[in-house]
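> here are the coordinates; sequence isn't available:
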């Protein structure tokens, strides 16, 4: 059976609200406002996250790239952290711990609906198990 992508995404645009607000407010200072908005776009698009039928995967970077993945069957613990704004706008961090490791070695930062994504991963694991 071929591996298929179940979910893919990155940082929620709402998690970078401070960049958008400060960027727009400093647009009259042209250079500064544009730099802040571009920095927000960079932060939004430099992280890509995938959940496939077999594994979770994170890719970080534009020109150079770091990739990390883990088999779904090896995931032992999943932690969701949300700030106050994250709870209001429904985004947060998802931390994954795998068998034989200490701590969380893969993180999806500021993803939309982290509790829903956590539930999706659990459902995939149940179907496989």
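Received the coordinates, thanks. The structure displayed is predicted, hence computed values, not measured ones.

> residues touching residue 101, list them.
By C-beta atoms under 8 Å, 6 or more residues apart in numbering, no residues touch residue 101. (Glycine included, C-beta is placed from N, CA and C.)

> One more: residue 7?
49-51, 117, 120.

> What is the lowest-mean-pLDDT helix or strand in the chain packed up against?
Every helix and strand of the chain was ranked by mean pLDDT, DSSP states H and E. The lowest is helix 17-25, at a mean of 81. When contacts are defined as 3 or more C-beta pairs under 8 Å, 6 or more residues apart in numbering; DSSP states H and E, helix 17-25 packs onto helix 31-45.

> ok and the helix it packs on relative to helix 17-25, angle-wise?
For helix 31-45 against helix 17-25, the angle by axes from the mean of the first three to the mean of the last three C-alpha atoms, to 10 degrees is 150 degrees.

> Any idea how far helix 31-45 is from the middle of the chain?
Remark: helix 31-45 is offset 18 Å from the chain centroid, using C-alpha atoms, centre = their mean, to the nearest Å.

> Is the residue nearest to residue 109 when sequence neighbours are not counted bridged to anything, and to what?
Of all residues not flanking residue 109 in the chain, residue 93 sits nearest, at 5.4 Å (C-beta to C-beta, 6 or more residues apart in numbering). Beta-bridge pairing for residue 93 (DSSP bridges): residue 81.
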